[in-house]
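Peer 1: Quick one: sequence and predicted model below, then my questions.
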Amino acid sequence: MQLLYRMLVLIGQLTLSFSVGCFVYMLFALLDFEGGFPAFLGMVTFHPLMAVVLVSATMMVGLLAGLPLRFNNALRRWWVRHFAVQAGLIALGLVLLIGAVVFPETRSVDPAELGIKLVPNLTLAISGWLLLIFGLLHVYPPLHWLDRLGSQFQTHFETSS
């Protein structure tokens with residue numbers, strides 16, 4: 001039962017991280033969209049592929065960085081008991097991502113044309129991206145939810161046997 005629970009939680013964490021990561025990537029890509037057919041073609045073909053690659057790579061890094069949370073029992077128990085830390089990490093990632101858009105940087109696009117473009121603040125965007133994906137990869141449901149779910153499973157299996 002414990003293995004089934006851990007597998008279901010891991011699948012949920014991976015799915016949540018991947019879907020939110022792809023959504024955030026595509027949102028930032030839309031912010032960079034300037035129109036025209038070639039840009040539209042890139043938006044519907046290239047960017048979704050890059051979202052999958054970038055989110056997968058970030059998730060691999062996040063899983064490696066979070067291995068102690070998965071294999072150290074004392075650390076995992078502390079992490080699961082302190083849902084506020086998990087939620088705070090995710091919230092901080094979102095705030096940094098929003099801050100990257102609110103406080104953009106100016107970058108030169110083409111030095112020959114002296115074009116300048118506002119782009120999201122890369123420091124805030126990368127920091128927020130990493131915190132958000134790490135937080136979502138290692139978010140566990142609050143303990144009172146798990147207790148309620150466990151009691152429902154137990155009563156269901158007692159009545160069905």
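Peer 2: Noted; the coordinates are in hand. Residues are numbered from 1 along each chain as shown.

Peer 1: only C-alpha atoms for contact and neighbour calcs from this point on.
Peer 2: Noted.

Peer 1: Give me the number of neighbouring residues for the closest residue in space to Gly135 that isn't next to it in sequence.
Peer 2: Nearest residue to Gly135 in three dimensions, chain neighbours excluded: Ile90, at 5.1 Å (Cα to Cα, 6 or more residues apart in numbering). Neighbourhood size, Ile90 [other Cα atoms under 10 Å]: 24.

Peer 1: Leu130 is in contact with Ile90, correct?
Peer 2: No. Ile90 is beyond contact range of Leu130, at 9.8 Å (criterion: Cα atoms under 8 Å).

Peer 1: Show me where the chain dips below the pLDDT cut-off.
Peer 2: 1, 110-114, 146, 150, 153-154, 156-161 (pLDDT under 70).

Peer 1: try it again with 90
Peer 2: The chain contains residues with pLDDT under 90 at 1-9, 29-45, 70, 73, 76-77, 80, 105-119, 140-161.

Peer 1: Secondary structure element holding the residue positioned nearest the centre of it?
Peer 2: The centroid of the chain falls nearest to Ile133 when counting by Cα atoms, centre = their mean (2.9 Å). Ile133 is located in helix 122-137, with elements delineated by DSSP states H and E.

Peer 1: elements contacting that helix?
Peer 2: Helices and strands touching helix 122-137, by 3 or more Cα pairs under 8 Å, 6 or more residues apart in numbering; DSSP states H and E, are helix 2-32, helix 47-65, helix 83-102.

Peer 1: Most tightly packed of these?
Peer 2: helix 83-102 (a mean of 18; mean count of other Cα atoms under 10 Å).

Peer 1: contact partners of that helix?
Peer 2: With Cα atoms under 8 Å, 6 or more residues apart in numbering as the test, helix 83-102 has contacts from 79, 119-125, 127-133, 135-136, 138-142.
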